[in-house]
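Participant: Let's see this in three dimensions:
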Amino acid sequence: MNKCIQCNKEYKPLRATSKFCSDYCRIKYNRVSVSDDKPLSVSSTPKVSVSRPKKVSVSYNPDIHERPLTLNEKQGITEYGICHSCKTPVSHLICICSKCTTKDITHKSLKIDIDHC
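Facilitator: Numbers count the residues shown, from 1 in each chain. Here you go, the predicted model:
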């Protein structure tokens, strides 16, 4: 049996490291109490402005790449940022869009060498 450090009630712990008999006691114990006779001191905090991110339109420019072209791109088999199957714009991190992936379209079914993708 353990003794709760908030209410001093004895309880059966679920863990060996348990200190409180309930969530209520744990929360109450960890709350900061403010006495009426002592005012709180507030340190100055820097003002932080929060702004919404601007909408960015993504357009594909085949002349500008973040990386060298792959062999498939050089041969015109695939395009940078375009789904290999349906030709819709995709993230540069993926080759086949989610719609095509759910239709079980793969590099192998498109006969595209994935090593050069």
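Participant: When you work out contacts or count neighbours from here on, use the C-alpha atoms and nothing else.
Facilitator: Noted.
Participant: Dump the lowest-mean-pLDDT helix or strand in the chain to PDB, restricted to CA.
Facilitator: Taking mean pLDDT, DSSP states H and E as the measure, helix 71-74 is the helix or strand of the chain with the lowest mean score, a mean of 77. Only the C-alpha atoms of helix 71-74 are listed here, as PDB (Å, rounded to 0.1, in the frame of the first residue of the first chain):
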ATOM      1  CA  LEU A  71      17.900   8.800 -66.600                       C
ATOM      2  CA  ASN A  72      14.100   8.300 -67.100                       C
ATOM      3  CA  GLU A  73      13.600  12.100 -67.100                       C
ATOM      4  CA  LYS A  74      16.400  12.600 -69.600                       C
END
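Participant: Using neighbour counts, pick out the buried residues of it.
Facilitator: For helix 71-74, burial by neighbour count (16 or more other C-alpha atoms under 10 Å) applies to residue 72.
Participant: likewise stretch 71-87?
Facilitator: Neighbour count says stretch 71-87 has 72, 78, 79, 80, 81, 82, 83, 84, 85 buried, by 16+ other C-alpha under 10 Å.
Participant: And stretch 16-35, by the same measure?
Facilitator: Across stretch 16-35, burial judged by 16+ other C-alpha under 10 Å covers 19, 20, 21, 25, 26.
Participant: Stretch 91-100 now?
Facilitator: Neighbour-count burial for stretch 91-100 [16+ other C-alpha under 10 Å]: 95, 96, 97.
Participant: average model confidence for it?
Facilitator: Mean pLDDT, stretch 91-100: 80.
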